[in-house]
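Novice: Return a 3D structure for these sequence lines:
(one chain, ligands or ions: 2)
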Amino acid sequence: MAVSDTTGSQAHRVDVVGAASASVTCAEDQPLLDAFLRNGVYLPNSCNQGTCGTCKVRLCSGTVDAPEVPETVLGADDQARGFVLACQSRPRSDTTIEVEAPEQTGPRHRLRDVAGTVHGIETVAHDTVTVLVDIDEPLDFSAGQYMEIAVPGTGEWRQYSMANPPASASRLEFQIRRVPGGVATDGWIFGGLDVGHELEMRGPWGDFAYEPGADEPETPMLLLAGGTGLAPLTSIAAQALTDDPDREIHLYHGVRHEADLYHQQFWQELAERHRGLTYVPCLSRSEWVGRTGYVGDAVLDDFASLRGYVAYLCGPPAMVDAGVKACKRRRMPARNIRREKYTPSGIVPAGLSA
Ligand SMILES: Cc1cc2nc3c(=O)[nH]c(=O)nc-3n(C[C@H](O)[C@H](O)[C@H](O)COP(=O)(O)OP(=O)(O)OC[C@H]3O[C@@H](n4cnc5c(N)ncnc54)[C@H](O)[C@@H]3O)c2cc1C
Ligand code: FES
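Specialist: Ligands and ions are numbered 1, 2, ... in the order given. As a prediction, this is how the structure comes out:
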């Protein structure tokens, strides 16, 4: 039964069955994932831009408007069986979808629109800034999750992970690296964004999250970051150390050159205050006094076994894939490996998988 939503556009009832069971109203111009998360109903999700495949659901009945999906994101078999991406599909009739039981479930915070004002911008490396944003009211989120920020005048949104822990949720911290020619970064954030500017945001998004109590107490933690993949791991480490100041945490931060490193002093001082924390910056493209090579290789060198560990990996897809392989080679159980890939918007490299 089609109804009108508050904006006057047509809306439809969407039922989800399977691992989740709920009904929501979804406008014709609204992605299914957005409708469920705004109603506090969890569906698996990660990139919200059609590049990871995490949000796949099976269309049981009804019609949706869905863009063509590359087989690198949704395999031919899945497409033949009626799977669509919930983050890209909009209903054209009342619809029923099925969600398979995910290996891991994610946070349940309700998605909402968030108004922000830039409080501060600091250059922390030659191509990286931290941006502090004051928001309308405190945001419920889990360490590791991200916001989408509208790029003014373009109709584009980009994802940026919170670096602050959830407890300080009235002011969000983002760590943002400049991408040459990038619409959001080169064209806006590094090209005119200033203190006092207002931001249109929505979130929180993503299954990549540390939930207090999710791991057995005292499970040692491996954090592998590439570039600004450090942002969500900063939030995760802060939350984990709040829960247990002595927790064993090994943070590896991979960048190409020494000039790309940032927040070294922060991590060194944090490691002095927490005896269980080690901080290992690694350079992959130049020599220096510290570690060199890729973070995955550094982990292989440093650990004979990771059987009892849990890992959080975040950064460029190739770095995350290599890090996951290293964890598996050291016998870390797959269910203990949590990852987030900073996939460029709309770009799906061959062989990319969630
Ligand atoms: C879940 C998620 C969380 C993210 N969190 C963060 C974060 O906390 N901090 C952060 O800095 N970024 C983060 N990103 C990446 C961010 O969302 C943007 O993709 C990035 O800032 C580039 O946007 P842009 O508009 O400047 O470039 P675009 O206009 O999207 O891209 C311009 C060109 O550069 C290419 N390109 C884009 N990104 C890269 C890259 N990384 N390496 C090489 N080429 C690239 C594109 O293919 C395109 O050709 C995240 C991405 C995801 C999916
Ligand atoms: S969350 Fe939909 S494809 Fe990544």
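
Novice: Would the longest strand seen in the chain count as contacting ligand 1?
Specialist: With secondary structure taken from DSSP state E, the chain has its longest strand at strand 112-125. No. Applying Cβ under 6 Å from any ligand atom, one finds strand 112-125 out of contact with ligand 1, separated by at least 11.3 Å. Glycine gets a C-beta too; all of them are placed from N, C-alpha and C.

Novice: Name the SS class of the closest residue to ligand 1 within the chain, please.
Specialist: Going by Cβ to the nearest ligand atom, ligand 1 is nearest to Gly182 of the chain, at 2.1 Å. At Gly182, secondary structure determined by DSSP: H, G, I helix; E, B strand; the rest coil is coil.

Novice: Backbone torsions only: list them for it.
Specialist: The phi/psi pair for Gly182 (degrees, to the nearest 10) reads phi -70, psi 140.

Novice: distance of it from Gln265?
Specialist: Remark: distance between Gly182 and Gln265 (Cβ to Cβ, to the nearest Å) = 28 Å.

Novice: out of the two, which sits in the busier spot?
Specialist: Gly182 (19 against 8; other Cβ atoms under 10 Å).

Novice: show me the contacts for the residue nearest to Gly229 when sequence neighbours are not counted.
Specialist: Leaving aside its sequence neighbours, Gly229 sits nearest to Gly315 (Cβ to Cβ, 6 or more residues apart in numbering; 2.9 Å). Shown in contact with Gly315 (Cβ atoms under 8 Å, 6 or more residues apart in numbering): 224-229, 254, 341-342.

Novice: Just the buried residues of the residues you listed.
Specialist: 224-229, 254, 341-342 (16 or more other Cβ atoms under 10 Å).

Novice: circling back: test of understanding: give the bridge partners of the residue nearest to Gly229.
Specialist: Assessed by DSSP bridges, Gly315 has beta-bridge partners Lys341.

Novice: quick one: low-confidence parts of the stretch 51-200 of the chain?
Specialist: Within the stretch 51-200 of the chain, the stretches with pLDDT under 70 are 102-104, 168.

Novice: quick one: low-confidence ranges for the stretch 251-354 of the chain?
Specialist: In the stretch 251-354 of the chain, residues with pLDDT under 70: 346-354.

Novice: near ligand 1, which residues of it?
Specialist: Near ligand 1, when you scan the stretch 251-354 of the chain using Cβ under 6 Å from any ligand atom, you find 316, 340, 342-345, 347.

Novice: Repeat that for the stretch 101-250 of the chain.
Specialist: So far as Cβ under 6 Å from any ligand atom goes, the stretch 101-250 of the chain lies against ligand 1 at 146, 158-161, 174-177, 179, 181-186, 206, 228, 231.

Novice: residues near Ser89, how many?
Specialist: Counted with other Cβ under 10 Å, Ser89 comes out at 25.

Novice: likewise Arg108?
Specialist: 12.

Novice: wait, doesn't it sit right on Leu43?
Specialist: No. Between Arg108 and Leu43 there is no contact under Cβ atoms under 8 Å: 10.8 Å.

Novice: Could you name every residue contacting both of the two?
Specialist: Joint contacts of Arg108 and Leu43 (Cβ under 8 Å, 6+ apart) do not exist.

Novice: returning to that earlier point: which ones among the residues of the stretch 101-250 of the chain next to ligand 1 lie within helices?
Specialist: Ala231 (DSSP state H).

Novice: got the residue ranges for the helices in this protein?
Specialist: Using DSSP H, helices in the chain cover 32-38, 76-80, 230-243, 264-273, 295-302, 317-329.

Novice: What I need now is these written out in JSON lines, including distance to Val17 for each item.
Specialist: Below are the helices of the chain laid out as JSON lines (distance: least, Cβ to Cβ, whole Å):
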{"stretch": "helix 32-38", "distance to Val17": "13"}
{"stretch": "helix 76-80", "distance to Val17": "17"}
{"stretch": "helix 230-243", "distance to Val17": "32"}
{"stretch": "helix 264-273", "distance to Val17": "45"}
{"stretch": "helix 295-302", "distance to Val17": "39"}
{"stretch": "helix 317-329", "distance to Val17": "31"}
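
Novice: could those be laid out in JSON lines, adding distance to ligand 2?
Specialist: Listed next are these as JSON lines, based on distance: least, Cβ to the nearest ligand atom, whole Å:
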{"stretch": "helix 32-38", "distance to ligand 2": "7"}
{"stretch": "helix 76-80", "distance to ligand 2": "12"}
{"stretch": "helix 230-243", "distance to ligand 2": "16"}
{"stretch": "helix 264-273", "distance to ligand 2": "30"}
{"stretch": "helix 295-302", "distance to ligand 2": "23"}
{"stretch": "helix 317-329", "distance to ligand 2": "12"}
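
Novice: Tabulate the contacts of Gly315 in TSV, adding columns for distance to Asp243.
Specialist: As requested, the contacts of Gly315 are exported to TSV (distance: Cβ to Cβ, whole Å):
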residue	distance to Asp243
Leu224	20
Ala225	20
Gly226	25
Gly227	27
Thr228	24
Gly229	22
Gly254	26
Lys341	26
Tyr342	26
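
Novice: Nearest to Phe36 among these?
Specialist: Nearest to Phe36 among those: Lys341, at 22.3 Å, using Cβ to Cβ.

Novice: Am I right that Gln30 is in contact with Arg90?
Specialist: Yes. With contact defined as Cβ under 8 Å, Gln30 counts as touching Arg90 (6.3 Å).

Novice: What distance do you get for the residue of the chain closest to ligand 1 to His253?
Specialist: Taken as Cβ to Cβ, the span from Gly182 to His253 is 22 Å.

Novice: Noted, bye for now.
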